[in-house]
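# Here is a sequence together with a model predicted from it:
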Amino acid sequence: MLAVKAGDTDAFEALYAKYARQIVRYMMQFVSAQARAEELAQDVFLQVYRARLRYTPRARFATWLYRIATNACLSELRRPEHRERIISVDAPDPFSDRERGLDLPDPEAAEGERETLGQEVRERIRVLLDTLPPQQRAALLLARSEGLSYEEVAASLDCSVSAVKSLVHRATVSLRDGLRTHLGTEDA
Amino acid sequence: MRCYTARLDLTALVDGELAPDRAAELRAHTEGCLACAADLESIERMVAMQRAAVPRALPELSLGFETRLRQRLAEVRETDARRWWRTGWWKPATIGALATAGVLLAAAPLGGPSAVLVPLGIQDPPRKVATKPQLFTEYPIIEHLDALENFDTVKTIPLEDVLKGAS
């Protein structure tokens, strides 16, 4: 990023080649449709380019990048079409697994993990994630899906580590309780 | 440790985000408290399920992604270049220089640059001014010249004496 700041355009291309797919994957947790996630990801990288002269390496570049990406996602969720969207827990999901990349075997999943986790439960978790307040969803996804530490999540969300701990805990408990209600069991 | 505070940290414990001593304290508590132990177990299962549910495979980007990004980047660079052209430092300097030259040229029929520069205090007035002060009647300092004639005397007299004299 320091090379980009110095005017190296190849360095900028190397940056988005390295992070673009990660950012798109993260954004698809908010907007579902890959086409829209790609558009937002491009907005993120253009913001990175515009802000290059103000960049100071206080933390990992990825932390700063996820901060811009999270702000873009939260702004997207404030748009009218997302606010008016009613999520029915019983309606079929409008986006197929192919759209979200869930139909392909996940080579990184722990052995046997995908088999034991039923399709219904996975779909339910997806729906429950969509109903979380945006900040909780962002904190949870950054920590669990993108592998950031709580400290990095705090930097990305511009809040304290205690706040992140609280956000992630509340989100996790909401998912757990939602799954219990859906399954009608105490197993979750 | 109270159960209420313990439960708030259970998720961080499962995520490995607690300091070692705090984590040890919490585990010790759950070993002695059935309710918190049950809570911990349910959170562990939920975290495992959530990790399995979210996609970890990186998506393949659409064919036009990179082309479109380069296009948009070129537009941003073009906008930045135009913005520099509009707000470049040379512009106000050039305008200022042209304005000054214009004023001086306009002053030529009035008696040349001196007619402008002298009132501005940029140039010393010519000798003939002393003999023709009416040329500078617009100067506030000339208008109040009488008040200044005794300035040296005034500044050596204490204020109270001046006021006594005035009264």
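Received, thanks.

# Sticking with residue A:41, tell me its helix or strand.
helix A:34-50 (DSSP states H and E).

# Run through the neighbouring helices and strands of that helix.
Counting contacts by 3 or more Cβ pairs under 8 Å, 6 or more residues apart in numbering or on different chains; DSSP states H and E, helix A:34-50 packs against helix A:9-31, helix A:61-77, helix B:65-87. The way it works is simple: take the backbone N, C-alpha and C, and place the C-beta from them, glycine included.

# Need phi/psi at residue A:78.
phi -80, psi -10 (degrees, to the nearest 10).

# Next one: it from chain B, what distance?
23 Å (Cβ to the nearest Cβ, to the nearest Å).

# returning to that earlier point: angle of the helix holding residue A:41 against helix A:61-77?
130 degrees (axes from the mean of the first three to the mean of the last three Cα atoms, to 10 degrees).

# what comes up buried for stretch B:47-66?
Using 16 or more other Cβ atoms under 10 Å in any protein chain shown as the test for burial, stretch B:47-66 gives B:47, B:49-50, B:52-55, B:59, B:61, B:65.

# same deal with stretch A:56-65?
Going by 16+ other Cβ under 10 Å, stretch A:56-65 has these buried residues: A:61-65.

# Could you do stretch A:27-46 as well?
A:27-32, A:34, A:37-46.

# Enumerate the residues of chain B near chain A.
For chain B, the residues in contact with chain A (Cβ under 8 Å from any Cβ of the partner chain) are B:8-12, B:15, B:17, B:42-43, B:45-62, B:65, B:68-69, B:72-73, B:76.

# For the helix holding residue A:41, C-alpha coordinates in PDB please.
Provided in PDB are the C-alpha atoms of helix A:34-50 (Å, rounded to 0.1, in the frame of the first residue of the first chain):
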ATOM      1  CA  GLN A  34     -22.500 -11.800  -6.500                       C
ATOM      2  CA  ALA A  35     -23.000  -9.100  -9.200                       C
ATOM      3  CA  ARG A  36     -23.800  -6.500  -6.600                       C
ATOM      4  CA  ALA A  37     -21.100  -7.700  -4.300                       C
ATOM      5  CA  GLU A  38     -18.500  -7.300  -7.100                       C
ATOM      6  CA  GLU A  39     -19.800  -3.700  -7.800                       C
ATOM      7  CA  LEU A  40     -19.400  -2.900  -4.100                       C
ATOM      8  CA  ALA A  41     -16.000  -4.500  -4.000                       C
ATOM      9  CA  GLN A  42     -14.900  -2.200  -6.900                       C
ATOM     10  CA  ASP A  43     -16.200   0.800  -5.000                       C
ATOM     11  CA  VAL A  44     -14.100  -0.300  -2.100                       C
ATOM     12  CA  PHE A  45     -10.900  -0.600  -4.100                       C
ATOM     13  CA  LEU A  46     -11.500   2.800  -5.800                       C
ATOM     14  CA  GLN A  47     -11.900   4.300  -2.300                       C
ATOM     15  CA  VAL A  48      -8.600   2.700  -1.400                       C
ATOM     16  CA  TYR A  49      -7.000   4.300  -4.400                       C
ATOM     17  CA  ARG A  50      -8.500   7.700  -3.600                       C
END
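
# any idea how far it is from the chain center?
14 Å (Cα atoms, centre = their mean, to the nearest Å).

# got the angle for it vs helix B:65-87?
Using the same axes, to 10 degrees: helix A:34-50 against helix B:65-87 is 40 degrees.

# any idea of the mean pLDDT in helix A:34-50?
Confidence over helix A:34-50 (mean pLDDT, whole number) is 92.

# For it, give me every contacting residue.
A:1, A:4, A:12, A:15-16, A:20, A:23-24, A:27-28, A:30-31, A:65, A:68-69, A:72-73, A:76, A:99-101, B:59, B:61-62, B:65, B:68-69, B:72-73, B:76 (Cβ atoms under 8 Å, 6 or more residues apart in numbering or on different chains).

# try 6 Å this time
A:16, A:20, A:23-24, A:27-28, A:31, A:68-69, A:72, B:65, B:69, B:72, B:76 (Cβ atoms under 6 Å, 6 or more residues apart in numbering or on different chains).

# Out of these, give me the one that has the most neighbours.
Greatest neighbour count in the contacts of helix A:34-50, by other Cβ atoms under 10 Å in any protein chain shown, goes to residue A:69: 29 neighbours.

# my read: that residue touches residue A:25, true?
No. Contact criterion Cβ atoms under 6 Å: residue A:69 and residue A:25 do not qualify, at 10.6 Å.

# Format the buried residues of stretch B:47-66 as CSV; extra columns: pLDDT.
Below are the buried residues of stretch B:47-66 laid out as CSV (pLDDT from 0 to 100):
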residue, pLDDT
B:47, 91
B:49, 87
B:50, 87
B:52, 83
B:53, 82
B:54, 77
B:55, 74
B:59, 87
B:61, 89
B:65, 89
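
# Among the residues you listed, which lie within helices?
Judged by DSSP state H, helices contain the following of the buried residues of stretch B:47-66: B:47, B:49-50, B:52-53, B:65.

# Return the backbone torsion pair for residue A:60.
phi -60, psi 150.

# so what's it scoring on pLDDT?
pLDDT, residue A:60: 83.

# In chain A, what helix or strand scores lowest on average pLDDT?
helix A:97-100 (a mean of 36; mean pLDDT, DSSP states H and E).

# try chain B
For chain B, judged by mean pLDDT, DSSP H and E, that is helix B:151-156, with a mean of 56.

# pLDDT below threshold where in chain A?
By pLDDT under 70, the weakly predicted segments of chain A are A:81-117, A:182-188.
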